[in-house]
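Novice: sharing a model prediction with you, sequence too.
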Amino acid sequence: MKLKEIKFITTTDRVAIFLAGVGVGVGAAMLWTPNSGDETRRRIKKSAAEAADRVNGSAAEMMAQGKQKWEDLQERGSQTIGELKGKFKDKIDETAGATKMAADRVVDTSREVAHTAGKQMEEGGKRLQEA
């Protein structure tokens, strides 16, 4: 069984479809109206004004939605950056701590080796004096 592709209609597509419908409606009104020319022009003007108001309202709504989505995106981006900064700081602190511990072990081992070497030299010196 094949899944069908779902195509979402964008807001721009909706506005274009709406405007096409307005054009068809105005054309049909002009062809089938039994009114006089003045009355028909007045009705067409009124319909066009109403359509323009709806388009302006839709445009304002789209702008508001776009602005809200932009603000939401900025907020999520800021939160994500803050979380990442915290994680990086934790990793850096963890790495710095592990590095300090490793350096301390190297220093301690070096001291032990130097102390052992010093004792062996001292013992070797005593044996040379006795011989």
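Specialist: Ah, there it is. Numbering: from 1, shown residues only.
Novice: ok, Ala48 - contacts?
Specialist: 22, 26 (C-beta atoms under 8 Å, 6 or more residues apart in numbering). All C-beta atoms are positioned from the backbone trio N, CA, C, and that covers glycine.
Novice: now it: which helix or strand?
Specialist: Element membership of Ala48 [criterion: DSSP states H and E] is helix 37-130.
Novice: the residue most central in space within the chain and Gln65, how far apart?
Specialist: With distances taken as C-alpha atoms, centre = their mean, Gly77 lies nearest the centre of the chain, 5.0 Å away. Using C-beta to C-beta, to the nearest Å, Gly77 is found at 18 Å from Gln65.
Novice: could you do Val55 as well?
Specialist: Note on Val55: its distance to Gln65, by C-beta to C-beta, is 15 Å.
Novice: more crowded one of the two?
Specialist: Using other C-beta atoms under 10 Å as the criterion, Val55 and Gln65 rank with Val55 on top: 14 against 11.
Novice: wait, the more buried one sits on Phe18?
Specialist: Yes. Contact criterion C-beta atoms under 8 Å: Val55 and Phe18 qualify, at 7.1 Å.
Novice: any weak-confidence spans in this protein?
Specialist: Scanning the chain for pLDDT under 70 picks out 1-9, 29-36.
Novice: what do you get if the cut-off is 90, keeping everything else the same?
Specialist: Counting by pLDDT under 90, the ranges of the chain that qualify are 1-67, 69, 114, 117-118, 122-131.
Novice: burial measure for Glu39, as a count.
Specialist: By other C-beta under 10 Å, 11 other residues sit near Glu39.
Novice: got it, and Gly23?
Specialist: Around Gly23 there are 12 residues (other C-beta under 10 Å).
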